[in-house]
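Engineer: Quick one, structure for this:
(chains A and B)
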There are 2 protein chains.
Amino acid sequence: MMSSMFCLALLILLAEASQVDKDFSYIDAHQDTYIQRMKDWVHTESDSSNPDKRQLVIEMMNVAKKLIEDIGGSVEVAELGDQLFPNGQIIPIPPVVLATFGSDPEKPTVCFYGHLDVQPAKKADGWDTEPFTLVVKNGNLYGRGTDDDKGHVLAFLNAIEAVQVNGLPLNVKIILEGMEEVGSDGIEELIKQKKNTFFADVDYYVIADTPWVSKTPGITYGARGDCYFFLEVKGPQRDLHSGVYGGSVYEPMSDLIYLLDTLVDSSGCILISGIYDAVAPVTEKEKKLYENITFNLEEFKAEVGTTKLLYDTKEDVLMHRWRYPSLSIHGIEGAFSGSGTKTVIPSKVIGKFSMRQVPNMEPSVVEKQVSDYLMKKFAERNSPNKLNVTMVIGAKPWISSLEEPQYLAAQKAVRKAFGVEADMVRTGGTVPIARTFQDVTGKHVMLLGIGGPDDALHGQNEKLSRYNYIGGTKLYAAFIHEFSKL
Amino acid sequence: MMSSMFCLALLILLAEASQVDKDFSYIDAHQDTYIQRMKDWVHTESDSSNPDKRQLVIEMMNVAKKLIEDIGGSVEVAELGDQLFPNGQIIPIPPVVLATFGSDPEKPTVCFYGHLDVQPAKKADGWDTEPFTLVVKNGNLYGRGTDDDKGHVLAFLNAIEAVQVNGLPLNVKIILEGMEEVGSDGIEELIKQKKNTFFADVDYYVIADTPWVSKTPGITYGARGDCYFFLEVKGPQRDLHSGVYGGSVYEPMSDLIYLLDTLVDSSGCILISGIYDAVAPVTEKEKKLYENITFNLEEFKAEVGTTKLLYDTKEDVLMHRWRYPSLSIHGIEGAFSGSGTKTVIPSKVIGKFSMRQVPNMEPSVVEKQVSDYLMKKFAERNSPNKLNVTMVIGAKPWISSLEEPQYLAAQKAVRKAFGVEADMVRTGGTVPIARTFQDVTGKHVMLLGIGGPDDALHGQNEKLSRYNYIGGTKLYAAFIHEFSKL
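Structural biologist: All right, here's what the predicted structure looks like:
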């Protein structure tokens, strides 16, 4: 009896092994199709931060809808209304694509999330090639969005297509949005609305939007939030000639530079009063987790292109990227930003900075801390110019328990697809949707990404390696099988 | 005998008066032609700061050459070779137009100077209309360059054309350049080269490139210089995602903001060590000059659009605009400057600021003071990023004696054209060519401009009023007559 049960288990195991292997063969045989899809998707400049490109984001959502339908999914499109832009412009929010593959009530349901909007990019920023034309070179796929996040979305769609050949062992739902890079307007409301309909039978959420920290695949259990601020200083009624007026007027740029310089010191420490009060203390268990992560400081320095980091140990560097807040000044709108020289006193300038959020910081509290601090600093300066502090994005941080079974399924899938043990990591980037799914549905969330650590997200020459793209497609396929056994 | 001499003098006086009046009638009758010329000239976007527009500056020089030839002048064109742009690009310097009207050795020779390049402008900067399309509205001519400096050049060309109808009472030479807004590359060399040829017989130089300080016409005897600096901070090898890297790297923007904030305090005082050492002390005679100037502080505040200036008295405000140095921060190249949000850590940023120069400051000394100061401040910060301080423009200040006869001729011409006494003023702007003419040729220089105080040079909605344009044309005509009597 024991012997026959053992044989049956072995047979099931072999059958499964064989099915995953078949899926992998299918994936290998369809690499050219997957690259062509990437080429088509990168070509659409779906930059959600620029009102002038909004129509292209909407077009991108439609392109994805068509691919899903072509590979057998059913799609419903959710409209989210309009967005009031800071300049007063009203433009439509791109629709959200909700897709379903299978609806067998006997099977578990996993929901994949991805986004199709991208950060701004132009060749003049310092790209080697046109950002919206895919270039395949030295085993890498270069182009804006290849990693963040079109590559991830294509990888799980490719995986679903491959697994379907032999039958999906579970139900898959998909949600794709087009506003992730600017704060996911309207998504939280949509998930609340559809909590008891589209999302009712979802057991677990998988966010496909995170890079690994080394060549070792990483499974991500935490992400920082982000509070993005506009710091507007308004003075003269128009720009002035610096020769004719310089020396007589209070210049908005001087005020702004002063204010920006009060935000963070040379060692990266944020100077805004009370900002560290809510940061969760580091536990002993947490410290051990960091010690086990594959991460080489010298390689990281080389990849960044610097001789010195703000911290000297692997643990400190990773903790300050993942579980402490950080503040970055991104730029100034309204000042002279071209090449060459211009002798102008700009009349209205908007400083832009953002602060990454960690548990247990609350954006509403941070908004008040930042505003109070800057208003106080500005008042001390006694300038006749006008200051306006606005928080335009307030995305919360997210963290999950590692004990959830889907983390185990993902670890097994990494072993199957890449033949190594996964790193259990966090990301310093912001994945507000993770926090939203967890808060609204009460279900558990995991971030399973396929990007490399040097993919230059948001930077010049963004890429995804072919190894990660194809291997990542296999990872999602293997995860579907492992998940179905939970 | 006395009686007949008196009659002769009276007749000569009447004949002259009548000739000026005839010129004025001619000018009044040709206003439409002058407006059409302005329209044509504004239309050419001759922005010298932008390498991509260089061909348009060259085209503008050719348009001026043609007009001069059409109204009877002879032209020689001087090529100045190439310019090495900060980004490594090599582009041609626009040619200089040298023109001659008359060469009677018995007559005095005056040389007018003007420039045909303009500051950058685009409607998105906040213009009400397209900057390179002339708009005539409420008695004003709106468009980039209407005042600075195409309007001035057209006014003296119109004047020469008008006076010629009854015969030029002197010889006129003209020099027009296309690089004034970016530091007049090559002009000093050209004047040195042609000191004993084209410029040999010039008795006085008149620079037509300054605004008045009120509705009262001003004659300008001093101009500030300008030292323009690029402050480059270079860090990571490419732009980084502020979520993924924020908290671990030394951000070039933080370094740059810190450095820019060490330059000037909230009361406009420049903090660079030693910078005030060379500034000439104020004399009692100079104080009296300032007391006589027509200048209303409340009107100036209203024109700027502010409730408070850096100083409270007319004399302090004017002195800090004209005879003390000032420092303005113009902007940052390489950071995010668009609308919307971008969560980037820029890898290389270039802060741009300039300092207006007054007697007896020397650009070469200022360059060292600025560089030493910033290098020291940066070293204290202990950042691994690289700092590069470059002075890209080093234009000297200029001042003349008010005792020179051409100042008297100009005062008479103001009376004739506008019916009021002229203000004797300085300008806070930079007219490097004035200093160059004085140093190289040893001859005296005067600035006789026709722009209004609210013409928004270098700003949005630059304009020249029709009153100033036509009245200014008459002023130059009257000056030619008065000058011929010296």
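Engineer: in what helix or strand does A:Y221 lie?
Structural biologist: strand A:218-223 (DSSP states H and E).
Engineer: which residue ranges form the helices in the stretch 51-200 of chain A?
Structural biologist: Remark: helices assigned in the stretch 51-200 of chain A by DSSP state H, counting those that start in this stretch are A:54-70, A:150-164, A:187-193.
Engineer: ditto for the stretch 351-486 of chain A
Structural biologist: A:363-381, A:405-418, A:432-441, A:466-484.
Engineer: The last one close to chain B?
Structural biologist: Pointing back at helix A:466-484 there. No. On the criterion C-beta under 8 Å from any C-beta of the partner chain, helix A:466-484 is out of touch with chain B, staying 15.5 Å away. For every residue, glycine as well, the C-beta is placed using N, CA and C.
Engineer: List the buried residues of that helix.
Structural biologist: By 16 or more other C-beta atoms under 10 Å in any protein chain shown, the buried positions in helix A:466-484 come out as A:466, A:468-484.
Engineer: Same check on the second one?
Structural biologist: Of the residues in helix A:405-418, those buried under the neighbour-count criterion (16+ other C-beta under 10 Å) are A:406-407, A:409-414, A:416-418.
Engineer: rewinding a little: name the strands paired with whichever helix or strand comes after the strand holding A:Y221 and say parallel or antiparallel.
Structural biologist: Downstream of strand A:218-223, the next assigned helix or strand under DSSP H and E is strand A:225-234. When pairing is defined by DSSP bridges, strand A:225-234 lines up against strand A:348-357 (antiparallel), strand A:386-395 (antiparallel).
Engineer: Render the CA-only coordinates of the one helix or strand A:Y205 maps to in PDB, please.
Structural biologist: If you go by DSSP H and E, A:Y205 is part of strand A:204-207. Extracted C-alpha coordinates of strand A:204-207, given in PDB (Å, rounded to 0.1, in the frame of the first residue of the first chain):
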ATOM      1  CA  TYR A 204      -3.100  36.200  -3.300                       C
ATOM      2  CA  TYR A 205      -1.600  39.200  -5.100                       C
ATOM      3  CA  VAL A 206       1.700  39.100  -7.000                       C
ATOM      4  CA  ILE A 207       3.100  42.500  -7.900                       C
END
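Engineer: Spell out whether it and chain B are in contact.
Structural biologist: No. For strand A:204-207, no contact with chain B is found by C-beta under 8 Å from any C-beta; the gap never falls below 14.1 Å.
Engineer: residues in contact with that strand?
Structural biologist: Outside strand A:204-207, the residues that touch it by C-beta atoms under 8 Å, 6 or more residues apart in numbering or on different chains are A:108, A:110-114, A:156, A:404, A:406, A:431, A:433-434, A:437-438, A:441, A:443-448, A:479, A:483.
Engineer: Tell me which residues touch A:Q460, please.
Structural biologist: Counting by C-beta under 8 Å, 6+ apart, A:Q460 touches A:121, A:125-128, B:238-239.
Engineer: actually A:T306, not the one I wrote
Structural biologist: Applying C-beta under 8 Å, 6+ apart to A:T306 gives the contacts B:235-236, B:249-250, B:384-385.
Engineer: Any chance of a markdown table for the helices of the stretch 351-486 of chain A, columns mean pLDDT?
Structural biologist: Shown next, in a markdown table, are the helices of the stretch 351-486 of chain A (pLDDT from 0 to 100):
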| stretch | mean pLDDT |
| --- | --- |
| helix A:363-381 | 98 |
| helix A:405-418 | 95 |
| helix A:432-441 | 91 |
| helix A:466-484 | 96 |
